[in-house]
Structures are given as structure tokens and as C-alpha cells.
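Enquirer: fold the following.
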Amino acid sequence: MLGAMEGVLLSVATSEALLGIVGNTFIALVNCMDCTRNKNLYNIGFILTGLAISRICLVWILITEAYIKIFSPQLLSPINIIELISYLWIITSQLNVWFATSLSIFYFLKIANFSHHIFLWLKRRINIVFAFLIGCLLMSWLFSFPVVVKMVKDKKMLYINSSWQIHMKKSELIINYVFTNGGVFLLFIIMLIVCFLLIISLWRHSKWMQSNESGFRDLNTEVHVKTIKVLLSFIILFILHLIGITINVICLLVPENNLLFVFGLTIAFLYPCCHSLILILANSRLKRCFVRILQQLMCSEEGKEFRNT
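Expert: Numbering: from 1, shown residues only. Alright, predicted model coming up:
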């Protein structure tokens, strides 16, 4: 039975999950409709669609596991169920970070202003960059899956007294956690570097504009600032997401602590919920579609009120 605080936090987490699903479904549908209309899926459309779909899957996995763990933990008793959930979580979480990193690199190569020959070479060969990122993703899976298999086969994860528990030392848990998420950390570091380079590019561009004393509207600076805001918001929200997931992993060492588990879940769901909204507002095409839908909904509501009067 959930307490009052646990019930409130679970309601908040569920609301965040639903908003995240709706927001990411909207992003995926808009890009798919554009693909159908234009008979072509551009790089940015493919990345946004993949990011949205991976987040939808991640949210469904986390919220389903959470509700089963809280209300019907006995359903998780078969070892193959928790093994399947672990594999799905690894695939979706790492795909999610891969698409987000690809999005940041795509914007970086399109927006940043550097004269270095390496940057210019990468800018002309963006497909090679994506091939390298795909290699990083595959290597990440190659390292992650054996760790989970070993934990399951060695019976480090056991179902005892209506709850899942991890039977290993804290140091061993930390090592396994780092190996499982090694690819995520690598991609996240790449994103931090990209954000840092974009800030440098913005600073250099601003200095150039000041030296030229241009009175024209600087669209390049606006694009720089908008992109940096999106990247920084992702970094902050993803750090919160990692903290929430880490709290949920710690709950395996502290059984029967639903309050801590639901609190971690609430923090973890901030990322797919809020960042999808930020992407919609930052992308002019998505924003136009979103505003158009809101206007249609408002007009339909006004029409209903008019008919009722």
C-alpha cells in the first residue's frame, strides 16, 4: 500500500511520462508526415524521429516496470523477465543518447564557424561522422550486454521477499553500472565537447560582429544562442535523468523503499517530458504545427460553447 507522499510522487511521475509520450509522439508524427509529403527523410528529420521513438519506448519501459514493481512485484519473479527488461532498457537508453548526440553534432557542423582543416573536413563528410557514432553505439552494446548476462547467470539479481535485490558489494555494483553505461558516458562527453565548442564559436562570432560594428540583425548569433540553450537544457535534464536512474538502482540495495524509488522515477521522467517540449519550441517547423493544433483546439472549444449558448 502506497503512502500519501508516494502516491503524490507517483502521480507526478505518471503525468510526466504521459506528457513525454504525447510530446515525442507529436515530434515523430510531424516528421513522418513531412517524409511522406516530400518523399524524402532528411538527416535532421531522421534524427528527431529516432530520438522521439527511442524516448517513447524508454518511457514505456520505465513506467511499466515501475507500476509492476510497486503493485505486482511477483510478476517480475521469472528471471527471464528482468533480463528482458534490462536488455530493452540498455537498447533504448543508449539509442536515445546516440540520437541526441547525433542531433547536437549535426547542428554543430551546420552552425559553428571554424577555419580549422579538421572541422572543414568533418563538415564535408558528415556521413563519416554518423558512421563513427554508429560504431560507438555498437561497441557500447557489445560491452553492456555481457555485464547484464553475467549478473543474471551468476544470480547476482534475485527475487526475495516480494522484491528484486542485488547481491553484490557496492564497489562491484558501481563497476558494473559504469561498464553498463560506458557508451552513454562516452556519448555524453562528446555532447559536452560539442556544447563547449559552440560556445567558443559564439564568442568568436560576437567579437567579430563587435569589431565590424554591424547594425544588421545577426541571425547567426540567434541560431548559436538557441542551439546552445537546447544543448544546455539537454545536459541538465539528462544529468537529472541519470541521477533518477541511479537512485532506482540503489533501491535494489535498499529493498522495500518505495518512496525513494518513486522519487527517483519522478526525477528521471523530467528529461523525456521537458526536453521534448523544448525541442518543439526551438524548432520552427514543429512550433508552427504545435501552434496550429492549439489554435484548432481553441476554435473547436469556442464552437462548442457557442452552440451550447
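
Enquirer: SS state for Leu2?
Expert: Per DSSP: H, G, I helix; E, B strand; the rest coil, the secondary structure class of Leu2 is coil.

Enquirer: how about the contacts made by it?
Expert: 10, 70, 258 (Cβ atoms under 8 Å, 6 or more residues apart in numbering). Placement of C-beta: from N, CA and C, glycine included.

Enquirer: nearest to Ser115, of these?
Expert: Leu10 (53.2 Å; Cβ to Cβ).

Enquirer: what's the average pLDDT for the strand or helix carrying the closest one?
Expert: For Leu10, the enclosing helix or strand under DSSP states H and E is helix 4-38. What helix 4-38 shows for mean pLDDT is 90.

Enquirer: returning to that earlier point: scan the contacts of Leu2 and report the most crowded one.
Expert: Counting neighbours by other Cβ atoms under 10 Å, Leu10 comes out on top of those with 22 neighbours.

Enquirer: from what I can see that one touches Phe261, true?
Expert: No: Leu10 lies out of contact with Phe261 (Cβ atoms under 8 Å); the separation is 9.6 Å.

Enquirer: which neighbours do those two share?
Expert: The contact lists of Leu10 and Phe261 share 66, 70, where a contact means Cβ under 8 Å, 6+ apart.

Enquirer: how about the contacts of Leu2 in TSV, adding distance to Arg55?
Expert: What follows is these, written out as TSV (distance: Cβ to Cβ, whole Å):
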residue	distance to Arg55
Leu10	20
Ile70	22
Asn258	25
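
Enquirer: closest to Leu142 among those?
Expert: The nearest one, if we look at the contacts of Leu2 relative to Leu142 and count by Cβ to Cβ, is Ile70, at 33.3 Å.

Enquirer: and that closest one, what element?
Expert: In the assignment (DSSP H and E), Ile70 maps to helix 43-71.

Enquirer: so which residues of the protein form strands?
Expert: Secondary structure of the chain (DSSP state E): strands at 157-160, 163-166.

Enquirer: now Ile250: closest residue in space that isn't a chain neighbour?
Expert: Leaving aside its chain neighbours, Ile250 sits nearest to Leu260 (7.4 Å; criterion: Cβ to Cβ, 6 or more residues apart in numbering).

Enquirer: what's around His275, how many residues?
Expert: Counted with other Cβ under 10 Å, His275 comes out at 23.

Enquirer: residue contacts, it?
Expert: Counted by Cβ under 8 Å, 6+ apart, His275 has contacts 233-234, 237-238.

Enquirer: restricting to C-alpha, output stretch 281-301 in PDB.
Expert: Output of stretch 281-301 as PDB, limited to C-alpha atoms (Å, rounded to 0.1, in the frame of the first residue of the first chain):
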ATOM      1  CA  LEU A 281       9.500  25.300 -29.200                       C
ATOM      2  CA  ALA A 282      13.100  25.500 -30.600                       C
ATOM      3  CA  ASN A 283      12.300  24.000 -34.000                       C
ATOM      4  CA  SER A 284      10.300  26.500 -36.100                       C
ATOM      5  CA  ARG A 285       8.500  23.700 -38.200                       C
ATOM      6  CA  LEU A 286       7.500  21.800 -35.100                       C
ATOM      7  CA  LYS A 287       6.500  25.000 -33.300                       C
ATOM      8  CA  ARG A 288       4.200  26.100 -36.200                       C
ATOM      9  CA  CYS A 289       2.400  22.700 -36.300                       C
ATOM     10  CA  PHE A 290       2.100  22.800 -32.500                       C
ATOM     11  CA  VAL A 291       0.600  26.400 -32.500                       C
ATOM     12  CA  ARG A 292      -1.700  25.400 -35.400                       C
ATOM     13  CA  ILE A 293      -3.100  22.400 -33.400                       C
ATOM     14  CA  LEU A 294      -3.600  24.600 -30.300                       C
ATOM     15  CA  GLN A 295      -5.500  27.100 -32.400                       C
ATOM     16  CA  GLN A 296      -7.700  24.400 -33.900                       C
ATOM     17  CA  LEU A 297      -8.400  23.000 -30.400                       C
ATOM     18  CA  MET A 298      -9.300  26.500 -29.100                       C
ATOM     19  CA  CYS A 299     -11.600  27.200 -32.100                       C
ATOM     20  CA  SER A 300     -13.400  23.800 -31.600                       C
ATOM     21  CA  GLU A 301     -13.900  24.600 -27.900                       C
END
